[in-house]
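A.B. asks: Task: produce atomic coordinates for the following.
(chains A and B)
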Amino acid sequence: MSGPLEGLSPLEETLARLAPVQGGLSRDRVLFEAGRASARPGRTWPLLAAGSAVTAAVLGVLLLTRPGPQVVERTIVVRVPESAPPPAPEGPPAGSPVEQAEPLSPAFALGQSDYLRRRQEVLRWGVDVLPSAPPRSPSSPPLTPGALRQFPELPSTESKLF
Amino acid sequence: MSMMGPEQLGRLMDDHAAALMLYARQWCASPEDVVQEAFVKLAAQRTAPTEVVAWLYRVVRNGSLSAARAEQRRRHHEARAAVAPIWFVPSEGDGLDAETATRALQALPLEQREVLVARLWGGLTFEQIARLTGQSASAAHRHYHAGLSALRERLRVPCPDRSKG
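C.D. replies: Residues are numbered from 1 along each chain as shown, chains lettered A, B, ... in the order given. So this is what the prediction gives:
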């Protein structure tokens, strides 16, 4: 008790002399539980550990449910600058017949970019993808040995060798 | 005040545990658990309360009321215990019989019993009892003397001769 009570009547003194039953209260057990309660660590580390575990779980789920890499098809137009046309010859040499070149058909009159594309197609699919040569125009005469002789003689290097 | 040390806690237990048990018995049938919980709570306090004994009584009172509510639900289908436990250690000699004192105290209204126990066995002042029970000090004083008069009648103790004192 906290201290002797003063000025008590005989009845109060008689009652106060009665000792309350301690019952099943164990002093050692109470002190043990009290010591454990006073030494109980804070909740900081358990909360941090729980937060880290939750974060790891969320990241794992995100990793498992992440979609694969998507293939994006894009058409890229590469513009190849056209090379400057070669300077036109000043003129045919005198006395030499002017050869009129036969105009190429649209299938063969390809620009440089078309040429590259055609080359890619030939490399990929073979020569069968090339269009057939256009028939010669009926107005032009058939090529005969006589007509060949009419071509201007080119400077031959072989004749000089022999 | 800093944290409660084990020696101080043990001394408090030696001095007040039995009276706190008696105080808790006014409401519940498992005072051991309530008192133990109160001491454990006291040990867990970062700073010890200013009035430790009064603080313990308040915690025991709150715990006993909670335990009483739980027991009331549990007892709904159970018969009341045939033999009520004796609240006091049987005294040797010509002292008051423990069982008689228990019966007489149990027959008092709760507000009188509470004040009597807190005053006689807890050693609390009427101001502390008033704060503990949520009433005025004069009301606590009035309940105390009413309970004492009722006990005197039940125990057939003659009224003290006031002319002597």
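
A.B. asks: drop to CA atoms for contacts and neighbour counts, all remaining ones
C.D. replies: Noted.

A.B. asks: what helix or strand is the residue lying closest to B:A54 once chain neighbours are set aside on?
C.D. replies: Distances taken as Cα to Cα, 6 or more residues apart in numbering or on different chains place B:Q128 nearest to B:A54, at 6.6 Å, with adjacent residues excluded. In the assignment (DSSP states H and E), B:Q128 maps to helix B:126-133.

A.B. asks: Quick check: buried residues in that helix?
C.D. replies: Residues B:126, B:128-130, B:132-133 are the ones in helix B:126-133 that count as buried (16 or more other Cα atoms under 10 Å in any protein chain shown).

A.B. asks: Reformat those as CSV; add pLDDT.
C.D. replies: Below are those laid out as CSV (pLDDT from 0 to 100):
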residue, pLDDT
B:F126, 94
B:Q128, 94
B:I129, 94
B:A130, 95
B:L132, 93
B:T133, 92
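
A.B. asks: can you list those in JSON lines and add distance to A:A34?
C.D. replies: Shown next, in JSON lines, are the buried residues of helix B:126-133 (distance: Cα to Cα, whole Å):
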{"residue": "B:F126", "distance to A:A34": "30"}
{"residue": "B:Q128", "distance to A:A34": "25"}
{"residue": "B:I129", "distance to A:A34": "26"}
{"residue": "B:A130", "distance to A:A34": "28"}
{"residue": "B:L132", "distance to A:A34": "24"}
{"residue": "B:T133", "distance to A:A34": "26"}
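
A.B. asks: Now name the helix or strand holding the residue nearest to B:V157 when sequence neighbours are not counted.
C.D. replies: In space, and not counting its chain neighbours, B:V157 is closest to A:L11: 7.2 Å by Cα to Cα, 6+ apart. Per DSSP H and E: A:L11 is located in helix A:10-17.

A.B. asks: Can you name the next helix or strand after that helix?
C.D. replies: Sequence-wise, the next helix or strand downstream of helix A:10-17 (DSSP H and E) is helix A:27-38.
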